Every structure is written in structure tokens, then in C-alpha cells.
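> Show me the folded form of this:
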Amino acid sequence: MVSILDTIKQVVQPNQIDALAAKGFGPKQRPAVNSHIHLPPNFSAFDTVDQAIQLAAEQNVQIVGLSNYYDYAVYEDFGARARHKKIFPLFGLEIISMQQSLLEQGVRVNDPGNPGKTYICGKGITRFNTMTPRAKELIDTIRKNDTQRMAEMTRKLSDVFDRHNVKTGLDDAAIIARVARRHQCNPGTVYLQERHLAQAFQEVLFEQIPQSERKTVLESILGPVKNAGDAVGVQGQIRSSLMKAGKSCFVPEAFLTLAQAKELIGELGGIVCYPILADGAEPMCEFENPVEKLIETLKAESIGMVELVPIRNKPQVLRHYVTAIRNAGIAVVAGTEHNTLDVIPMEPACVGGVPVSEDLKDIFVEGAYVVAAHQYLTLNGKCGFVDSAGRPNPVYKDAQSRIAAFAKIGRAVVAKYLG
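Numbering: from 1, shown residues only. The predicted structure follows:
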């Protein structure tokens, strides 16, 4: 089978791309874009890759980005199915890191409950099939730390449920097996997340406890429960009542530093991208507010791309952040995550389903084109939007001209791919 990366690499000859870009070659209509979804075996709204691709195709979303945690075995399947449906795939990843100095100062970054904890994304990665030794070292460190934490957290949860006469028989291996069966995947590709644990314990409790007794049992474990029949709600309460910091089943996380996370993204060939929470937290995280301070920090960290998940944001806040950041010479993309069980529409929308305005959609598709160009150029052995050390491509005199040039190249690449 031809790798999806080879398909992207060969979609147009490198000696033709500049001429096509200069002529403005591209899709006849602006494609709908989603730069960030999670697919199984990550915790996801989708049971299968095909389900996600079908939803994107039905809703005419023609550029879709995958941003899984810590294992990328599903990427080839995603790419092949996307190709079949004429959907351009963007390959990315998500990493959780820690900024120790901000933790000590009590500064929240983009996790509203944990100072210093920093989510960071990579966009346009091209070395997920064959990693460099350093990338493998960093990934293995993350996997080892996460595996140990999930095993210990599972033991604590099991003890709590046992004390309330709910004998789950669950350990981390049993939960991995459940995830692998559900998504028909290799257990070796499953790296557990808190949501996996909460789902497993909720499901076993529902299997064992009759509905008439469920509320009483749940409240003995979790405290007051609004709706004992709401599986997703119960999963959320298991997390909030038992698994968060200060709760009985909490286990501290061991993180990469932000510098190490950025290094990993570079080793995988990607663009470092900061995911903005904005008014997804109330009050807003100190690191992100005001937006002018955030822009200064991003530039100091040489981060030339940001991502928003608009379903968290009010339209006016989204506009304020996107326009200020893009005017500052930082590319912007947007996604949905789809990292809960809710199967929301594939094209990003604001809080309450309010549509994103057309001018902001233009900015988001521009950012997606930048990622597409980066993938294409790096696969052909050329310098992308950033080099392997994360430095801006030196050909361009300023950030605005670099974004504009890469958007034109990416637009041509996507058009050639979509046919």
C-alpha cells in the first residue's frame, strides 16, 4: 500500500508548485476546515476512523487534521480513508507539558484547574512512521510516565469501588483490552486517558447495579448525583469527584518540559502550535489574558501558529483573539477536538452552535493551507514553515509574507490533491 505521505509528496512536482502558487491555483470554493480531531484509540466521539471520515464527507469538510496523543498507528488508515473521500489530511499531535516557573507562580496557562500545565500541539508532522532516535526517546518517556500513572489511578479507583461493594475487576490491562475491543485496534497502540478509566468504571457499575439501586450506590461513591441514568454525566462526575487534584484517586502527572515538547514536535517534522482556551475558562487563564501579553509571549517562544476550538468561545471573544493574533503575524487554525462522546458537527462553530463568521473562516483555512504546504515541502526535502529546530523559514523577510506565501503553496497542494 502506498503511504499517504508519499501520496502528498507526489501530488505535484516540486518544480511546478511555485508557478501554480503564483497563478493563484486553488480550490474553486473555500473548503470547510477542521484542524484538530482525536480518533480511537484516543478517547473520541468516534468509534472508528471511518465514522469520522464519513461525517466529514457528509458535511463537506474537505480538510481535516488529526491531533492524537502519543501513538500514531491510526494515521495511515486515516490518511487512506480521507484520500478515498477526497479529504485532505493534516497530521498533528497533542502533548501535555509543564512550565515549572509558572506552576510556582500559580499562573494558569491553558488548563483552567492546573497552574503551569501547558497543552501544546504540533501541526504538519511528517515523521510519525519512522521516528528519529530523539523523538522515540521523548515519546517513550511520555508513554512510560502515563502508563504508570494510569495503572496507579486504576488501582485507586478499583479500591474505592470495592469498598462500596462494586467489584469491578478492573486494572489497567483490563481497561486497555476494553478499549481495543471497542475500536478493534491493537492493544499495543492504546495509551489510557482519564476519560477511558471513567468510562470503564461507569460501564461496569451500570452492568452490575440494577437501575433501581444505581442512584444510591453512585451517591455513596461520588456524593450527590443529578442523573444516575446519564452515562456521560456519571463519567464526568467520576473524574471530578475522584480523579482530580486533591481527590482520593488522584495521581500526580510527570510531564515533559515545554522545551522538550517543542523539541519533540520538531523531531517529528512539525510546526509548534499553541492551543488557546480564551473564554473556555472563567475567569480566563492568566497566561492568555490580555491577548496582547499572550502575543508577546508567543513571539518570545518563537511560536508562529495558534489554534482555537471555537465551541468553547463566544463569537466576540473568538473574533478578538483571532484578529489580534493574525494581525500580529501569527497563523491561526481551528478545530473541534471531538474528544468527548458528543458527536458535534465537524465544522467548528462557537458556543451554542453559533456559526463562525466568514472572515474568520478565511483566516482558519489560510492556516490550514500553511500546514498543508509545510507537510508537502518537508516531505520533498525542503524547508517548511519552520525548520527542524522550529525557526521560521529564513527565505521570507517577515512573518506576514511567510504566512501569505505558504498559504498560496498550500492552496495549490490541496487543489491538486482534491482534483
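> how close does residue 295 get to residue 412?
Separation of residue 295 from residue 412 (Cβ to Cβ, to the nearest Å): 30 Å. C-betas here are computed from N, CA, C, even on glycine.
> Also residue 308?
26 Å.
> Break this protein down into its domains, please.
Using automatic domain parsing, the domain parsing of the chain gives 4-131+268-418, 139-243.
> from the ones you listed, which stretch is densest packed?
domain 4-131+268-418 (a mean of 19; mean count of other Cβ atoms under 10 Å).
> Span of that domain from start to end?
14 Å (Cα to Cα, to the nearest Å).
> where does the chain dip in pLDDT?
Scanning the chain for pLDDT under 70 picks out the ranges 1.
> make it 80
Scanning the chain with the threshold set as pLDDT under 80 gives 1-2.
> now the spatially most distant residue from the centre of it: how far from residue 229?
The C-alpha centroid of the chain is most remote from residue 212, which lies 38.8 Å away (Cα atoms, centre = their mean). According to Cβ to Cβ, residue 212 stands 11 Å off from residue 229.
> Check which helices and strands the longest helix along the chain is in contact with.
The residue-count maximum for a helix in the chain (DSSP state H) belongs to helix 133-163. If contacts are counted by 3 or more Cβ pairs under 8 Å, 6 or more residues apart in numbering; DSSP states H and E, helix 133-163 sits against helix 172-183, helix 194-208, strand 256-257, helix 258-267.
> one more time with 10 Å
Counting contacts by 3 or more Cβ pairs under 10 Å, 6 or more residues apart in numbering; DSSP states H and E, helix 133-163 packs against strand 88-98, helix 172-183, helix 194-208, helix 211-222, helix 231-238, strand 256-257, helix 258-267.
> and the longest one, C-alpha only, in CSV?
By that I understand helix 194-208. What follows is helix 194-208, C-alpha atoms only, in CSV (Å, rounded to 0.1, in the frame of the first residue of the first chain):
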residue,chain,number,x,y,z
GLU,A,194,-8.6,9.7,32.4
ARG,A,195,-11.7,9.5,30.3
HIS,A,196,-11.0,5.9,29.4
LEU,A,197,-10.9,5.0,33.1
ALA,A,198,-14.0,6.9,34.0
GLN,A,199,-15.9,5.3,31.1
ALA,A,200,-14.8,1.7,32.1
PHE,A,201,-15.8,2.2,35.8
GLN,A,202,-19.1,3.7,34.8
GLU,A,203,-19.9,0.9,32.4
VAL,A,204,-19.1,-1.9,34.9
LEU,A,205,-21.1,-0.2,37.6
PHE,A,206,-24.1,0.1,35.2
GLU,A,207,-23.7,-3.5,34.2
GLN,A,208,-23.6,-4.7,37.8
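> So which elements touch it?
helix 133-163, helix 172-183, helix 211-222, helix 231-238.
> So residue 313 sits against residue 307, correct?
No. Residue 313 lies out of contact with residue 307 (Cβ atoms under 10 Å); the separation is 12.0 Å.
> Mutual contacts of those two, please.
Taking Cβ atoms under 10 Å, 6 or more residues apart in numbering as the criterion, residue 313 and residue 307 both touch 276, 334.
> about what we covered before: redo the helices and strands packed on helix 133-163 as a markdown table? Include distance to residue 325.
What follows is the helices and strands packed on helix 133-163, written out as a markdown table (distance: least, Cβ to Cβ, whole Å):
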| stretch | distance to residue 325 |
| --- | --- |
| strand 88-98 | 18 |
| helix 172-183 | 36 |
| helix 194-208 | 29 |
| helix 211-222 | 40 |
| helix 231-238 | 31 |
| strand 256-257 | 24 |
| helix 258-267 | 19 |
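> Out of these, the one nearest residue 53 is which?
strand 88-98 (9.5 Å; Cβ to Cβ).
> ok, that closest one: who's next to it in the sheet?
strand 61-68 (parallel), strand 117-123 (antiparallel), strand 256-257 (parallel) (DSSP bridges).
> right, so of those, which gets closest to residue 245?
That would be, of the strands paired with strand 88-98 and by Cβ to Cβ, strand 117-123, which comes in at 10.1 Å.
> So what's the gap between the closest one and the chain middle?
The chain centre lies 8 Å from the centre of strand 117-123; the measure is Cα atoms, centre = their mean, to the nearest Å.
> now do stretch 387-396
23 Å.
> Output that stretch in CSV with nothing but the alpha carbons.
Taking Å, rounded to 0.1, in the frame of the first residue of the first chain, the C-alpha atoms of stretch 387-396 are listed here in CSV:
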residue,chain,number,x,y,z
ASP,A,387,12.9,24.3,10.0
SER,A,388,13.7,21.2,12.2
ALA,A,389,14.7,23.4,15.1
GLY,A,390,11.5,25.4,14.9
ARG,A,391,13.0,28.5,13.5
PRO,A,392,11.0,30.5,10.8
ASN,A,393,11.8,29.7,7.2
PRO,A,394,14.6,32.2,6.5
VAL,A,395,13.6,32.9,2.9
TYR,A,396,10.9,35.3,4.0
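> what sits up against that stretch?
127, 132, 262-263, 265-272, 301-304, 329, 374, 377-378, 382-386, 398-399, 401-406.
> ok, residue 8 - contacts?
So residue 8 contacts 79, 83, 88-89, 91, 126, 372, 375-376, 379-380, 413-414, 416-417 (Cβ under 10 Å, 6+ apart).
> Show me those residues that map onto strands.
Residues from the contacts of residue 8 lying in strands, with DSSP state E as the criterion: 88-89, 91.
> which ones are touching residue 414?
Neighbours of residue 414 in contact, by Cβ under 10 Å, 6+ apart: 8, 11, 26-27, 31, 33, 62-63, 88, 90, 365, 368-369, 372-373, 376.
> re earlier: okay, the ones in strands among the contacts of residue 8 in TSV with distance to residue 157 next?
Listed next are these as TSV, based on distance: Cβ to Cβ, whole Å:
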residue	distance to residue 157
88	41
89	36
91	34
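> That's all I had, so thanks and see you.
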